[in-house]
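A.B. asks: coordinates only, sequence not included:
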């Protein structure tokens, strides 16, 4: 489905894991989209959320707050969260603010998926 | 311990975003939730809430929350000593092990907050003050790092909370201004209603004096309103012309009742006396501060004619105010379509012929077109309101006969108006 004004978050499911692709600037607007998509994936039974930061240059305070909220919701649902492909500056920020105590960092999306205990190689794409 | 540079930059960004949010947001709830997120995200705090302090009620009301468990408190009582503690101490820790500074420890008057802290994972209480007044309190949980809050972090948090307090204060002021504006608007509406009711009462008083034309002023008001709306006047102007219609004959109050009610054509002397009424109306209406412009002039000139044969001043064409031209046609239309002591009302075919004969002489053609068009719209169903038809009453005319006559007259007058405009160019 076309998304000319960028309201959709790109995501895909790999077994019981969902990979959600963050935008270039994780602020209020981008963060809320990620949050909604994470909640949707958790509600549909997802066990692992992989948030991929490949295209993310910057994460601001609201973005941090939203990611902490995602961690909270995932914990309540018994799901794990992995951040993949985080640039070094953002990784330092996550470390400094304590996010890395609750999430694992992976070099890229492939490493994130490989680290999962149960890997089911069926894929489907989503555009929500 | 000094804050690392990267954290300072991150916090600085949060402060900039907070300032912008407080300035730009028109929705207080949205502003507070975003501000709370900024504060939590700046320090890596997982949960927090903002309570607004309601001075008159003497309690704190939850206005934003993030990450707190369900069942979190909606309100918190705050007595005078508790309020004073917030004002005196500033940021306070519910549990001393979470802050480095001793002065931030909780006084006895706020000891009950420790239970809240234990139940919901809250560690810090931060008052929001503006000009020495408590406007609210921010409650914050632990840092995601689980480390103690440093003095510098406490200062930053306190500073951000003060910003949020200013935001609450500003929104409250704006709400008060909006409330006052709404009260003024209602008051103004009430005054307009009183004014309109007063005008209606005057119109009834005018019409009572003339036993043969009861309801004339009100009908002229309504016809004038319909014509002005058809001509594309603004709602404010339409209201004004309706008032002018209601009051156009107010000068008759100073004319002897016998002359007004004469059941025959009056002589020249009586006619002169009767013709005083537009000027007398102007004198009556001029000292009044009407909420609409030119009402006295519309009363004064509603018997003027385009060809200069009207009264009281014999004005011609553009010298006559547009509003007076409308009231003039509405007045004549009602006079022709209602019974008088010395004659029955004329047929609508006859009235349309009168318009044809007198457009450009007595009546302004564009005004005649507007009245005919409004009537035509009612007859062909284009207009849902049937205001003219209601005023004319049932069984007065056959629509099948009148519709072609109206169309013909509109077409004729439109050509004349267009030709006159091109000649003027």
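C.D. replies: Nice, I can see it. Bear in mind the structure is a predicted one, so any value in this text is a computation, not a measurement.
A.B. asks: Locate residue A:50 within the secondary structure: which element?
C.D. replies: strand A:48-52 (DSSP states H and E).
A.B. asks: helix or strand right after that strand?
C.D. replies: From strand A:48-52, the next helix or strand downstream (DSSP H and E) is strand A:58-59.
A.B. asks: From the chain's centroid, how far away is the next helix or strand along the chain from that next one?
C.D. replies: For strand A:58-59, the following helix or strand on the C-terminal side (DSSP H and E) is helix A:61-76. Relative to its parent chain, helix A:61-76 has a centroid offset of 10 Å by C-alpha atoms, centre = their mean, to the nearest Å.
A.B. asks: Can you check what angle separates the following helix or strand past helix A:61-76 from helix A:61-76?
C.D. replies: Going down the chain from helix A:61-76, the next helix or strand is strand A:80-84, by DSSP H and E. Counting by axes from the mean of the first three to the mean of the last three C-alpha atoms, to 10 degrees, strand A:80-84 lies at 140 degrees to helix A:61-76.
A.B. asks: who's in contact with the following helix or strand past strand A:80-84?
C.D. replies: Per DSSP H and E, the first helix or strand lying C-terminal to strand A:80-84 is helix A:88-96. Helix A:88-96 is contacted by residues A:53, A:56, A:58-59, A:64, A:83, A:86, A:100, A:103, A:105, B:4, B:6-7, B:10, B:44, B:145 when judged by C-beta atoms under 8 Å, 6 or more residues apart in numbering or on different chains. Where C-beta positions appear, they are placed from N, C-alpha and C, glycine not excepted.
A.B. asks: C-terminal to helix A:88-96, what's the next element?
C.D. replies: With elements assigned by DSSP H and E, the helix or strand that comes after helix A:88-96 is strand A:104-106.
A.B. asks: So is that next one next to chain B?
C.D. replies: No: Strand A:104-106 does not reach chain B (C-beta under 8 Å from any C-beta of the partner chain); its nearest approach is 14.6 Å.
A.B. asks: What is the nearest of the contacts of helix A:88-96 to residue B:174?
C.D. replies: Closest to residue B:174 out of the contacts of helix A:88-96 is residue A:64 (29.7 Å), distances taken as C-beta to C-beta.
A.B. asks: Tell me the spatial nearest neighbour of that closest one, not counting adjacent residues.
C.D. replies: In this structure, residue A:64 finds its nearest non-sequential neighbour in residue B:41, 3.7 Å apart by C-beta to C-beta, 6 or more residues apart in numbering or on different chains.
A.B. asks: In chain B, what helix or strand scores lowest on average pLDDT?
C.D. replies: Counting by mean pLDDT, DSSP states H and E, chain B has its least confident helix or strand at helix B:257-260, which shows a mean of 77.
A.B. asks: about what we covered before: can you list the strands that the strand holding residue A:50 pairs with?
C.D. replies: Sheet partners assigned to strand A:48-52 using DSSP bridges are listed as strand A:17-21 (parallel), strand A:80-84 (parallel).
A.B. asks: hmm, who's touching it?
C.D. replies: The contact list for strand A:48-52 (C-beta under 8 Å, 6+ apart) reads A:16-22, A:34, A:38, A:41-42, A:67, A:70, A:74, A:79-85, A:106, A:108-109, A:112-113, A:116.
A.B. asks: For the buried ones among those residues, write the corresponding ChimeraX selection.
C.D. replies: Applied in ChimeraX, the following selects the buried portion of these according to 16 or more other C-beta atoms under 10 Å in any protein chain shown:
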select /A:17,18,19,20,21,22,34,38,41,42,67,70,74,79,80,81,82,83,84,85,106,109,112,113,116
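A.B. asks: Kindly report the residues of chain B close to chain A.
C.D. replies: Counting by C-beta under 8 Å from any C-beta, chain B comes close to chain A at B:4, B:6-7, B:10-11, B:13-14, B:17, B:34, B:36-47, B:66-67, B:143-147.
A.B. asks: Which members of the residues you listed occur in strands, if any?
C.D. replies: Counting by DSSP state E, these place residue B:66 in strands.
A.B. asks: Quick check on the residues of chain B next to chain A: which are buried?
C.D. replies: B:7, B:10-11, B:13-14, B:17, B:34, B:36-47, B:66-67, B:143-145.
A.B. asks: Identify the residues contacting the residue nearest the centre of chain B.
C.D. replies: The structure's chain B has its C-alpha centroid closest to residue B:185; by C-alpha atoms, centre = their mean the separation is 6.6 Å. Shown in contact with residue B:185 (C-beta under 8 Å, 6+ apart): no residues.
A.B. asks: in the chain, what spans have low per-residue confidence?
C.D. replies: All of this refers to chain A. In the prediction, chain A carries residues with pLDDT under 70 at positions A:1-7, A:117-128.
A.B. asks: Not quite, go with chain B.
C.D. replies: Using pLDDT under 70, chain B drops low at B:1-3, B:98-105, B:211-212, B:263, B:341, B:425.
A.B. asks: Can you show me the strands along it?
C.D. replies: Counting by DSSP E, chain B has strands at residues B:48-54, B:59-66, B:75-77, B:92-93, B:122-130, B:133-141.
A.B. asks: The least confident helix or strand of chain B - contacts with which helices or strands?
C.D. replies: helix B:268-274 (3 or more C-beta pairs under 8 Å, 6 or more residues apart in numbering or on different chains; DSSP states H and E).
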